[in-house]
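Student: model this:
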Amino acid sequence: MGDDASAAKLVKLHFVFTWVLAVIVALNWCYVFKLALPQYSESILGWSIYTLVVTALMPLIRHKLQGHRFWSRPFRMTRLLLMSMTGMVVGTSWSGLVALLFPHISDFHSPGPTGIAAAVAITFLFVVGQTILEKQIQEMPDPQTPENTYGGAVRSVLLNSLWSTLGYFWNSVWNRFLTKMQRPSRPRPRGPATELLGNTTFRSLAYAARDGPLHRFKTLQDEMNGRPEDMDSTGPGYRPILVKAVLTLLAGILFLCCLPEPSERYGSHRRRALIAMKMMAIIITSYAVTDAGFYFGTKLVADLTGSPAVGLAVSFLYAGLLTCVVTYLADRSTWHPERVFPNRLQTLGAWLVCYAWWYSWQEVLYQIQGFGLWQLGMDSVLEQSLQVAIAISGALCFALLLSLALVSAVQLGCFALPQIAAVLPQLKQASIRNCNFPEFSACLGLPVDERLHGIQLGSDQPASADAD
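Tutor: Alright, predicted model coming up:
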């Protein structure tokens, strides 16, 4: 196998690590609260507290892991995986808060607000906040590695991880707008409002017959669109989602083609505004297209076959095929197109892959909630205690097993990876987000070439693709 082909395999593996594996692990940790204590996670107050805790805890984890080195390769890979997922956990937790609050701003029924005024105001504050955070990081003693201090890690995570939340907000506004345009006016149905405190009642249901967990949670997309099987009545329906995907994809590509590239010659506020517009064009388009792809499986295919499991399998098939297409096209352009527009399209492809897995894995977590403990007929307090233990230990064990599987696959020769020194020129051409290649290659057991130190193939986790 030639060096070029070997380098391509290494870059593809790193891409999958960053945009697929780290995303799945991040969802496992973000959904720990939902899986463990769903009676609190579905309340505005409960999820708000959890979001603040996560926002403070994830930078601490990143900061502490930054200075630790493990001898065992699986543990080193786990460390790298946990560091890579911190920003996505923070971004997803804030998106969850948006999902709980947004129905109080707008619904799918005409006439009524779409939430665009709130989105514009939040975007303005977001750009101002980003400008302040960027200046604070630049003024640090070592702005290239802000994770060396806890304060720097907090600023770095906040600067890089909330793009997905802002895009999630704008996608919801756009979703409401198109739905209201296509749907005739009808009265808003009455339904249970999101509670401030949630259902905090502990009921002793020992030996009571139940066909599901004591408390159920909703995924983020369920909060916005309703369950796939009910979205025609409680959500937008598949047709508006498909129309939105086509219009948004065309508009997003045109906007990315015409938007000036942010540059240091602009003032800090204007530069951050251009970055925000670029990132919103990428992320809103990614959300819109993924809505259509995900619900094609979980809504259309599930309705046609009468099997939600088949529908979910189709959504994973969509995610897998999309990953193959994006990596193939990126490989053809050596992962770093020289021109601005192709480079933006490659970033769009990476976010499409990210959200394809992000949506589908949330549905998996929805399906496994309760862990089947209700079938044991135990007391509700014991059942919920076990849920907490399983949710936390399960997230940790999943990350460990995933790291072990990846390292073992390389050691067993499932991936014919190159000597780093042999493919140094090719790796210097690569441009993908997240950890640097020396550490990633060392975790895989590849010899680390000193010339690779300092080559940073990206700055953070998937939620950080705002680099100029």
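Student: got the CA coordinates for stretch 161-178 in PDB?
Tutor: Output of stretch 161-178 as PDB, limited to C-alpha atoms (Å, rounded to 0.1, in the frame of the first residue of the first chain):
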ATOM      1  CA  SER A 161     -19.100  24.900  21.700                       C
ATOM      2  CA  LEU A 162     -22.300  27.000  21.500                       C
ATOM      3  CA  TRP A 163     -22.500  27.300  17.700                       C
ATOM      4  CA  SER A 164     -24.600  24.200  17.700                       C
ATOM      5  CA  THR A 165     -27.000  25.800  20.200                       C
ATOM      6  CA  LEU A 166     -27.400  29.000  18.200                       C
ATOM      7  CA  GLY A 167     -27.900  27.000  15.000                       C
ATOM      8  CA  TYR A 168     -30.500  24.800  16.800                       C
ATOM      9  CA  PHE A 169     -32.400  27.900  17.800                       C
ATOM     10  CA  TRP A 170     -32.400  29.300  14.300                       C
ATOM     11  CA  ASN A 171     -33.400  26.000  12.800                       C
ATOM     12  CA  SER A 172     -36.400  25.900  15.100                       C
ATOM     13  CA  VAL A 173     -37.400  29.400  14.000                       C
ATOM     14  CA  TRP A 174     -37.100  28.500  10.400                       C
ATOM     15  CA  ASN A 175     -39.000  25.300  11.000                       C
ATOM     16  CA  ARG A 176     -41.900  27.200  12.600                       C
ATOM     17  CA  PHE A 177     -41.900  29.800   9.800                       C
ATOM     18  CA  LEU A 178     -42.200  27.300   6.900                       C
END
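Student: Please spell out which residues along it are buried.
Tutor: Residues 161-178 are the ones in stretch 161-178 that count as buried (16 or more other C-beta atoms under 10 Å). All C-beta atoms are positioned from the backbone trio N, CA, C, and that covers glycine.
Student: So which of those are in helices?
Tutor: Mapping those onto helices (DSSP state H) picks out 161, 163-178.
Student: okay, and for the stretch 151-300 of the chain, where does confidence drop off?
Tutor: 182-210 (pLDDT under 70).
Student: Please name the nearest non-neighbouring residue to A22.
Tutor: Nearest residue to A22 in three dimensions, chain neighbours excluded: S84, at 4.1 Å (C-beta to C-beta, 6 or more residues apart in numbering).
Student: burial measure for that neighbour, as a count.
Tutor: S84: 26 surrounding residues under other C-beta atoms under 10 Å.
Student: how close does it get to L65?
Tutor: Distance, S84 to L65, using C-beta to C-beta, to the nearest Å: 10 Å.
Student: residue boundaries of the helices in the stretch 151-300 of the chain?
Tutor: Using DSSP state H, counting those that start in this stretch, the helices found in the stretch 151-300 of the chain span residues 163-182, 220-225, 231-234, 238-258, 268-295.
Student: so which of the ones you listed comes closest to S106?
Tutor: helix 163-182 (4.9 Å; C-beta to C-beta).
Student: who touches V25 in this structure?
Tutor: Applying C-beta atoms under 8 Å, 6 or more residues apart in numbering to V25 gives the contacts L81, L82, S84, M85, A395, F398, A399, L402.
Student: Also Q221?
Tutor: Contacts of Q221 (C-beta under 8 Å, 6+ apart): D291, F294, Y359, Q362.
Student: Show me what whatever helix or strand the last one lives in is packed against.
Tutor: Secondary-structure assignment from DSSP states H and E places Q362 in helix 340-367. Packing partners of helix 340-367 (3 or more C-beta pairs under 8 Å, 6 or more residues apart in numbering; DSSP states H and E): helix 22-30, helix 220-225, helix 238-258, helix 268-295, helix 308-332.
Student: tell me the most buried of those helices?
Tutor: Sort those by mean neighbour count, taking mean count of other C-beta atoms under 10 Å, and helix 22-30 sits at the top with a mean of 25.
Student: and D211, how many neighbours does it have?
Tutor: For D211, using other C-beta under 10 Å, the count is 6.
Student: Contact partners for it?
Tutor: W374.
Student: How about W358, nearest residue that isn't a chain neighbour?
Tutor: Nearest to W358 is V23, by C-beta to C-beta, 6+ apart, at 5.6 Å.
Student: And the pLDDT for the one you found?
Tutor: pLDDT, V23: 94.
Student: And it, how close does it get to P236?
Tutor: For V23, the distance to P236 equals 25 Å [C-beta to C-beta].
Student: L178 now?
Tutor: 8 Å.
Student: quick one, phi psi at P236?
Tutor: When read as degrees, to the nearest 10, the backbone of P236 gives phi -80, psi -20.
Student: Wait, the residue nearest to W358 touches C354, no?
Tutor: Yes - if you go by C-beta atoms under 8 Å, V23 and C354 touch, sitting 5.5 Å apart.
Student: which residue sits closest to A302, ignoring its sequence neighbours?
Tutor: Residue nearest to A302 in three dimensions, not counting chain neighbours: G311, with 2.9 Å by C-beta to C-beta, 6+ apart.
Student: can you check S161 too?
Tutor: Among residues not flanking S161 along the chain, G87 sits closest, at 3.5 Å (C-beta to C-beta, 6+ apart).
Student: Quick check, that neighbour in contact with L158.
Tutor: No - under the criterion of C-beta under 8 Å, G87 makes no contact with L158, lying 9.1 Å away.
Student: Looking at the two now, which is surrounded by more residues?
Tutor: A side-by-side neighbour count of G87 and L158, using other C-beta under 10 Å, places G87 first with 30 against 18.
Student: pLDDT score assigned to the more buried one?
Tutor: 90.
Student: Against N171, how distant is it?
Tutor: 19 Å.
Student: can you check Q411 too?
Tutor: Per C-beta to C-beta, Q411 is found 41 Å from N171.
Student: Thank you, goodbye.
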